Structure formats: C-alpha cells, structure tokens
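S.K.: Sequence and predicted structure, then a few things I'm wondering about:
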There are 2 protein chains.
Amino acid sequence: MARRESTPTTPGSRAVVVDLIRSSGPISRVELTTATGLTQPAISQIVRKLVSDGIVRETGLKASTGGKPRVLLEINPRALYAIGIQLGFESITLVATDVTGGVTGREQIDGAGLDEPEDVTQRMIRAYHRFVRGLGLDTQTIAGVAVVAPGPINLRQGFVLGPPMLPSWVEFGLLGVLQAKIDVPVIVDNDAAAAAVGEFWSRRVSRSTTFASIYMGSGIGAGIVIDGALYRGAGSNSGEIGHISIERDGEPCFCGNDGCLERYASPSAVLETAKRSHPEFAELGLTFEATSIMRDFDLLCRAAVVDFKPARALVETSAAQVASAAVTLSNLLDLDHIVLTGPAMAFAGSIYARAMRDRLSKSAFSRRAHQISVELSTNPRDSAAIGASALILQGSVAPGHGPLLRPNP
Amino acid sequence: MARRESTPTTPGSRAVVVDLIRSSGPISRVELTTATGLTQPAISQIVRKLVSDGIVRETGLKASTGGKPRVLLEINPRALYAIGIQLGFESITLVATDVTGGVTGREQIDGAGLDEPEDVTQRMIRAYHRFVRGLGLDTQTIAGVAVVAPGPINLRQGFVLGPPMLPSWVEFGLLGVLQAKIDVPVIVDNDAAAAAVGEFWSRRVSRSTTFASIYMGSGIGAGIVIDGALYRGAGSNSGEIGHISIERDGEPCFCGNDGCLERYASPSAVLETAKRSHPEFAELGLTFEATSIMRDFDLLCRAAVVDFKPARALVETSAAQVASAAVTLSNLLDLDHIVLTGPAMAFAGSIYARAMRDRLSKSAFSRRAHQISVELSTNPRDSAAIGASALILQGSVAPGHGPLLRPNP
C-alpha cells in the first residue's frame, strides 16, 4: 500500500489552504480561491473552520483594485504547540514549536547510549513533563508529541526497528510505553523524514516545489516532499539514501546491500579512515570510540573548516560522495530544492553544500532545464526534533493524517 | 514547478473512478462510493458523464445482500482509440489501442537513423494516415496521437532534446510539424515514462501500488507511478536511472555524470565489451556497428539464453548492474512493484528479472517489511508505443490532464 500524507479529498484541501496561508500569508480569501482552484464556498467553509479552530486569524485589510478592501488571513502561531523529541545514541533533544514551526523551547538530555530502552524511555517521559512545565504550556494547547529515531521504524506499532547503533531497541514497544505516561497523542517516526517536513514547513517552501532534505547524523537519510506532503512509499522506508550503492562490488553493509554511501561517507566511516592514519589526527583529541562518534566528527569538521589539511581532505571526500548520491536522488526524482541538515552538518555543512552545488551544476540530468537550489539548514543539530514537531502540526491542521486537532480553547 | 498527472480536485476524481472501473470492474456505484470515499451524488455525477461520453457502460446486475440488485459498470473498450508512435533510431513503431489498453493494430517502419528529422517526420505522418485508414478507424474516435522518444524531452514545446543517438533532433520542433498534418491532438513525450503508464494501465495495477517500470532500449530509463499518476518531478526529467552513478570515479558519461549505469549495462556498453573480446563472438554474426546496436544485442541475448557462456556472462553482468540500480530506486522510493520492459528485454528479459528478484530479496532496505514484485512486460518491444497510447487515454478520461476528450458519438 502506498502511503502519502494527503488525499485528493477534503482534508487535503484544508492542508492546501493552511500551507498557502503559511507560505504566502497574509493572504485574502479571493487570493486563496485563485491559488487553489477551489470554489469560493469551499474556501469560505475551510477558512471559517480554521478561524474557529484558532489556527488562522484575520489581520487587517488590503486595498483591492476597484472593489472593497479584502480581509487578510494569517496563521495564529500561538494556537497550538507540538513537542518533538529526537532520540539519539549520544543525546536526546526536546523542542517545543508553535504552528509556524518557530522554536519556543529546547532541552537536551543524555542519549540512549547502551542503556536499557525501558530506562531511556522513562528518562524521556520525565524530561517531557519537566520541559512542558518549565515552558508553562497548557496541556490543552499541545497537539501531540513525536519521537523520532534513525530508521527503519514500524510506524503503526511505534517500534524502532534497529539502526545499528540501537540494536536493543528492535523488540521494544516504544510508542506504547510513551503513550501510557503522556496524556496527549504520541507518534514515533523516522528522523530524516521528520527533518524534511520540518525544513519544508519552516522555510515556507511552495507546495509545487519538488523538495528533499538529506539528513546526516550517525547515518545518512533523506526525506522527500512532493506536492507539500511527505512521500512515504510502500511502507515508509523511502529516502534511504545512505543505502544506495556508490561502488560496484563495494564493501558489504549491515543493511544487506554492497557499497552503500554510509560505508564511505558517514561520520563513522570518515573516522575509520582517520583512525587508519592516526598520527596526523592525534592533536585533534579524537577518541575513536564507538560511543563518541558525533563528538569526534565535530572535532574533525572544526579542524577541516580551519583548513587543517588532512581533516579537510577527509571531509571533502565524504562531501563529494554525498554530492554524487544527491545527483542520483535528483536524477530519479527531478528535484527543485535540496536542504542539507542533521547534526553532522553542524560544523562542515558549508563544505558539503558547496560540493553538492558544484556537482549538481555539472552532473545533474536536469541542469539545463532548471536550477536545483541547495541550502543548509539554519539549525542542523535540532532539525529532526523540530521536524518531529512539524509532523504533529501538519497532522493537526489536516485531520485524518495525524494526531487529532486539539485547538487552543 | 512540480508536475503530477492528477490534482486533488474534480478531474482527479474522474480519473480515480475510471481507474477503479478499469482495475476492479465490473463494479457497482455503491462499491465505487466505498472504494473512493467520494459521496454518492459525486459518484453518480461522474458515472453519468462517463456513460454519456461512452467511456463506461452498464452491464448486467449483481444480487446484493438484502437490497435490490445493483447495476454493474464496466469500461467500453471501443469508445475511444489512441495511436502511440515510438520513435527509435533503428525502427519506428505505431500501435492503436482501445480504452482498456488492448492493442488493435501495429505497424513498424524504418527508424530515424541518420536521416533528416523533417524527412523522418513526414514519413511518420504518412505512416500514421495509412495506418488509421488500414484499421478502418473513424477519426472521430481517435482521442489523440502520442510520439515518444528517448529523453530528455521538452514536453510543452514538443522537442526531443538530444539522446546521443538522435543529435540532429535537438533543435527540431517535432510537435509543431506533426500537429500541422494530423487532425487529432498530438503530444510528444519520453519513451520510458510512457512505458510505465502503459504497463500500469494494462496490468490493472491498483492505484495504491507504488509502481515503477525500468525501460531498456538503447538507453536505460524508468517511469514512476505514484497514486495512479505518472510522477514527473520538477521538469519531467524524473526516472533517469540510466544516469545514476554505480561506480565511484567511474567513466564519464555524455550526460555530465560519472560512472553512469548506462556506461556499463546498456546494450551499446555490453557490445563494446563483447567487441574487445571479439574472437569469441564472431560466430554470432555481430556487426558491432553503431547503426545496429539493438540487432546485435538481440543476437547476443539469444545466445545468452541458449547458454553460450561468453554471451551469458556479459548479459548476467549487465543484469546484475541493472538489479543494483533497481535496489537504489527502491531504497529511495520504497517500491511495491517493478516491471522490466523495453526492446532490450525481448530475449533476455528473464535473466534480468531473475537477477533483480535475487538482488532485491537480499539487498532492498524494505525487504523485511514487504515484498517487491518484479515482472517482465508481456510486450517489451512495443511497450513505449503502447504506453504512448495509454498517455493519451489516461489524459482523455481525466480532462485537463491531456488531450481533449473526443468520445465516440
């Protein structure tokens, strides 16, 4: 069964309207009619509901040519909040965002590490309650909580199906344990998919843009947004760019494929190469321990950016490989817009973005037809947590495609 | 601008209804209401128009549990015809199909070769008129003509933008020249995209299937069908699987990328390898001339199938490479169903299909979540021409997304 986040019927129309107000607002009802192709009665009905739900509010008037001035509509950012939680090996990040995707709170606690999933989850639950209290948020205004982790994920049952860093989580019913102690709707999803929705949502990207984000943490994933909706594919395992083969007869990967991008370009792969030429990197303070990959990678990237040549060479090689994979992604999907994000982009993101722009401008099949813009996330470290919030909010404003709408009363 | 072949408004609903009748018919109005989620009045209105257009007809009754028997609906295959023309270097194929995608006529003429585009186009136009007359088709029942060629294509202007085999076509306004002499709507499109629509349409695949076809002619392309509609991407250059890199620092390709699948696995690449070990292949009658690549490849594949070991090894290597690219396609799109098609599949398709099934069952990221079925086209040689017809028919039954509807009066 293919899954997409919008349908050709009414909830989809509501999502289209919210997206337009979000991306083009303040905007009048007449402009919404023109932009959507929906009838005037349909727009009136959808807007009336959005205003009564508190999601959209009227704001001032706009002089119109010849006619009476038109009432403008805009998103009411404080109508709803969502909590996003990024579950990682080295850290767990909580964020609260408002309807526009603006971050209104952030907290970081210890990562999952090698602790028991049950203990980590109880720690997350305690952190959630403390976090919400600290921000003074009324539970009635919280649309939901999304916990995101490296894939694969079983969406329906809310299991984390075993990224190599979190093997003990495979059999653990994360969603059930969370939902028992959190009194708003909870979902579990993939970090890269969430990040794509977050970047799309907060950038006010147009729905007609063919959009993807490439997320690099300990692994490499991608999220694809088509017609304003996250593209899931047959079973929510789309966007696995880290597991496309970039080398014929390449090294075997845990996933079952050979020559996967992750085996060459991920932080742990880059650090393995650095470790093999250890003497040069000793002065950076790298530990080469499995428990501090992201910390070591940050150190390496900071050195690369200040032009420590051996570090620069390693990061540039990784960037060239990710760029080549971006050409593959674009040649299959004919993309308009790519955003680079994830904690691994925190220090050397500009090196990755430059390599990707260069490579796409020379090698993308569509380069003579249209430009493919490449941007860096403004908040690469937290983008999965922010995206998790966006998943909740996008679901809330398009009922039937996520947690129930719980408007600010 | 992202382009997809359906919209969330009314023409899309009509397409959904036609697709359901096509794939699940004979079917009642009540069953259509349940399956689509559309209201009963909406279904009644759409069906009434389809019946008056002659696309759908009523057929018998079905006893229903408790209520009065229900009228069943089915596609009227003879209501409309479409003509598909596959423009190739070595041959040009014309087919006529009815509304169900059934082939009612076929003709082949000399390919474009190195002739002037103007001359080739006039030859196509003469062939079209002779073909339609020969079949005794009333022009009033012809929904349109689609000419498909290897990409890239400029859809709006109807130019063929330069596959390496047809360089002189780049500046030629194919669509304008055709439309001036053909009195039904004409479109120009990509062969692999058309083949995907044709395979989807004629197989009665469910709209919820995440579907792709991989088309191998002189080049290798793919067409992606999501939610029952051809996925175009930002500028109709999606599905370029022949131009994804399968080799780090691989051989440069005409497209600007390095290590492209086509450079290793396409018929011309396989023949180049065969040529380098010429003595073994002399007995097969290969000419190794640029003008007879498909003929030579057919000979090689026939030898591979009867287990001439050197030929078998070459074809199996190509099949393994295409299979690896299919894993990439699936890992990015999370596919349910892949169909292998195109003239290069005519003789050795089973070798390619087996390699692909094996590789996907071992390496696809989603393999534990669901099966990915791999099928071979029932008519790989003509699938782009048949698909061209399907593009017209799909457009005709969902007005606004293709040539105008011209029903049988």
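M.R.: Thanks, I have the structure now. Numbering: from 1, shown residues only, chains lettered A, B, ... in the order given.

S.K.: and the stretch 51-200 of chain A, which residues reach chain B?
M.R.: A:Pro152 (Cβ under 8 Å from any Cβ of the partner chain). The way it works is simple: take the backbone N, C-alpha and C, and place the C-beta from them, glycine included.

S.K.: Do a quick rundown of the helices in the stretch 51-200 of chain A.
M.R.: A:117-135, A:174-181, A:191-202 (DSSP state H, counting those that start in this stretch).

S.K.: Phi first, then psi, for the one residue in the stretch 251-400 of chain A that gets nearest to chain B.
M.R.: For the stretch 251-400 of chain A and chain B, the shortest gap (Cβ to the nearest Cβ) falls at A:Asp334, measuring 2.5 Å. Backbone torsions for A:Asp334, taken as degrees, to the nearest 10, come to phi 50, psi 70.

S.K.: Please name the bridge partners of the residue lying closest to it once chain neighbours are set aside.
M.R.: Excluding its sequence neighbours, the residue lying closest to A:Asp334 (Cβ to Cβ, 6 or more residues apart in numbering or on different chains) is B:Gly233, at 2.5 Å. With DSSP bridges applied, B:Gly233 shows beta-bridge pairing to B:Arg3.

S.K.: A:Val305: how many residues sit nearby?
M.R.: Each residue near A:Val305 was counted by other Cβ atoms under 10 Å in any protein chain shown, and the total is 16.

S.K.: Surely it is in contact with A:Ile351?
M.R.: Yes: between A:Val305 and A:Ile351 there is a contact under Cβ atoms under 8 Å: 7.2 Å.

S.K.: how many other residues sit next to the residue of the stretch 251-400 of chain A closest to chain B?
M.R.: 27.

S.K.: same check, this time on A:Arg57
M.R.: Neighbours of A:Arg57 (other Cβ under 10 Å): 17.

S.K.: Out of the helices of the stretch 51-200 of chain A, which gets nearest to A:Gly67?
M.R.: Closest to A:Gly67 of those, according to Cβ to Cβ: helix A:191-202, at 32.9 Å.

S.K.: Show me what that closest one packs onto, helices and strands only.
M.R.: strand A:81-87, strand A:142-149, strand A:211-216, strand A:220-226, strand A:229-233, strand A:337-341, helix A:383-397 (3 or more Cβ pairs under 8 Å, 6 or more residues apart in numbering or on different chains; DSSP states H and E).

S.K.: Quick one: residues contacting A:Arg248.
M.R.: A:Gly259, B:Ile246, B:Glu247, B:Gly250, B:Tyr264, B:Gln321, B:Ser324 (Cβ atoms under 8 Å, 6 or more residues apart in numbering or on different chains).

S.K.: Mind checking which of those are in helices?
M.R.: Here DSSP state H is the test, and those give B:Tyr264, B:Gln321, B:Ser324 as lying in helices.

S.K.: Report pLDDT for the closest residue to A:Met345 other than its chain neighbours.
M.R.: Excluding the flanking residues, the one nearest A:Met345 by Cβ to Cβ, 6+ apart is A:Pro380, at 3.9 Å. Looking at A:Pro380, its pLDDT is 95.

S.K.: A:Pro380: neighbouring residues, count only.
M.R.: Per other Cβ under 10 Å, the neighbour tally for A:Pro380 reads 24.

S.K.: ditto for A:Asp298
M.R.: Other residues lying near A:Asp298 total 18 when counted by other Cβ under 10 Å.

S.K.: now do the one 10 residues further on
M.R.: As a burial measure, A:Phe308 scores 17 neighbours (other Cβ under 10 Å).

S.K.: Would you check how far apart the residue nearest to A:Ser318 when sequence neighbours are not counted and B:Ala15 are?
M.R.: Sequence neighbours aside, A:Ala265 is the residue nearest to A:Ser318 in space, at 4.3 Å (criterion: Cβ to Cβ, 6+ apart). To B:Ala15, A:Ala265 is 41 Å away according to Cβ to Cβ, to the nearest Å.

S.K.: My guess is A:Ala195 contacts A:Tyr215. True?
M.R.: Yes: using Cβ under 8 Å, A:Ala195 is in contact with A:Tyr215, at 4.6 Å.

S.K.: Spit out the residues that contact those two alike.
M.R.: Joint contacts of A:Ala195 and A:Tyr215 (Cβ under 8 Å, 6+ apart) are A:Gly223, A:Thr341, A:Gly342, A:Ser383, A:Ala384.

S.K.: how about A:Leu166, what does it touch?
M.R.: A:Leu166 touches A:Phe89, A:Ala112, A:Ala149, A:Pro150, A:Val160, counting by Cβ under 8 Å, 6+ apart.

S.K.: List just the nearest of those to A:Trp201.
M.R.: Nearest member of these to A:Trp201, counting by Cβ to Cβ, is A:Ala149, at 19.9 Å.

S.K.: my guess is A:Ala192 contacts A:Ser218, does it?
M.R.: No: A:Ala192 lies out of contact with A:Ser218 (Cβ under 8 Å); the separation is 11.7 Å.

S.K.: Comparing those two, which residue is more hemmed in?
M.R.: Set A:Ala192 next to A:Ser218 and count neighbours by other Cβ under 10 Å: A:Ala192 wins out with 32 against 23.

S.K.: circling back to that earlier point, out of the ones in helices among the contacts of A:Arg248, who's nearest chain A?
M.R.: For those, with chain A as the reference and Cβ to the nearest Cβ as the criterion, the closest is B:Ser324, at 5.4 Å.

S.K.: what about the closest one, distance to B:Val132?
M.R.: 43 Å.

S.K.: do A:His243 as well
M.R.: For A:His243 relative to B:Val132 (Cβ to Cβ), the value is 49 Å.
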